[in-house]
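# sequence first, predicted model second:
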Amino acid sequence: MIRTALILAAVVTLAACGDKPQTLTDSKRDAPAFQGTSNPYNAPGWKAGDKTAWELHLKSRLQNGQNEYNRIN
């Protein structure tokens with residue numbers, strides 16, 4: 001009984017060593033956020049791929065919509 005438990009514990013322990021490496025393949029690279037998509041739900045006035053417009057939009061969104069000090073006044 002003890003021998004069976006030891007063999008089972010050894011098998012379970014060694015099974016954890018068989019993990020395959022999880023590397024990113026070349027076909028699935030992330031694109032920068034400002035690249036965007038051609039989605040009809042994009043914010044008005046923003047064009048995909050325009051980094052400066054993306055940064056300005058995020059800055060205005062921070063000041064107008066997500067800044068609690070400005071929303072209270």
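All right, it came through fine. Numbers count the residues shown, from 1 in each chain.

# didn't Lys51 look like it was pressed against Gly36?
No. Contact between Lys51 and Gly36 fails when scored by Cβ atoms under 8 Å: they sit 10.4 Å apart. (Glycine included, C-beta is placed from N, CA and C.)

# stretch 8-16: how far from the chain's middle?
33 Å (Cα atoms, centre = their mean, to the nearest Å).

# try stretch 4-11
The chain centroid and the centroid of stretch 4-11 are separated by 39 Å, computed with Cα atoms, centre = their mean.

# and Trp46, its phi and psi?
According to degrees, to the nearest 10, the main-chain angles of Trp46 amount to phi -110, psi 130.

# mind listing what it touches?
Contacts for Trp46 were tallied using Cβ atoms under 8 Å, 6 or more residues apart in numbering; they are 36, 53-54, 57.

# burial check on Ile2, number of neighbours?
Here the number of neighbours of Ile2 (other Cβ atoms under 10 Å) works out to 6.

# again with Leu56
Residues near Leu56, counting by other Cβ under 10 Å, number 13.

# may I see the buried residues of the helix or strand encompassing it?
Element membership for Leu56, per DSSP states H and E: helix 51-64. Counting neighbours by 16 or more other Cβ atoms under 10 Å, one finds that the buried residues in helix 51-64 are 54, 57.

# quick one: mean pLDDT for that helix?
Computed over helix 51-64, the mean pLDDT rounds to 82.

# centre of the chain to it, how far?
Mean C-alpha position of helix 51-64 versus that of the full chain (Cα atoms, centre = their mean) differs by 20 Å.

# same deal with stretch 50-65?
Taking Cα atoms, centre = their mean, the mean C-alpha location of stretch 50-65 is offset from the chain mean by 20 Å.

# what's in contact with that stretch?
32-34, 36, 43, 45-47, 70-71.
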